[in-house]
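Trainee: Fold the following for me, if possible:
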Amino acid sequence: MASSLTYAGVVWAFLSFLCAAASCVGFFMPYWLLGSQLEKSVSFGTFRRCSYPVRDESRQMTVMVEQCGRYASFQAIPSAEWRICTVVTGLGCGLLLLVALTALMGCCVSELISRTVGRVAGGIQFLGGKCSRREGLGA
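Mentor: Next up, the predicted model:
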């Protein structure tokens, strides 16, 4: 099995894949924000939610639906900011997965990834991590 990557490149490829998998799992799970509402535990992410309130018209009151699910439509996501976050995070996870799978293919196929391409891709990942970390800290 020929490889176009050095040992450091192979480690980078596997770590990139693990990070991509963790990011995608985090994106699809509804546990970004945890709290309570109407004395029930609730959680939601960008497009999934668990234990959410709905209006029961027959009893004229708000009841908690204790199940997890996606929003019925893109417009049902509570705010424009959450919609933007859903799109941007989804695109980011997709690109991260694409880079990681390409790097893993570089472990098996010779001359797929050149030294320059590997360094540029690693630099982009490093800068992306720094930017998202800074944004998450509010700095």
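Trainee: so for the longest helix along the chain, what's the average pLDDT?
Mentor: Scanning the chain for the longest helix, with DSSP state H as the assignment, gives helix 80-106. Helix 80-106 carries an average pLDDT of 81.
Trainee: same check, this time on stretch 18-30
Mentor: 81.
Trainee: how much space between the most centrally placed residue in the chain and Thr102?
Mentor: Against the mean C-alpha coordinate of the chain, by CA atoms, centre = their mean, the closest residue is Phe27 at 3.4 Å. Counting by CB to CB, to the nearest Å, the separation of Phe27 from Thr102 is 20 Å. To be clear about C-beta, it is placed using only N, CA and C from the backbone, and glycine gets the same treatment.
Trainee: what about Val10, how many neighbours?
Mentor: 15 (other CB atoms under 10 Å).
Trainee: how many neighbours does Leu91 have?
Mentor: Neighbours around Leu91, by other CB under 10 Å: 10.
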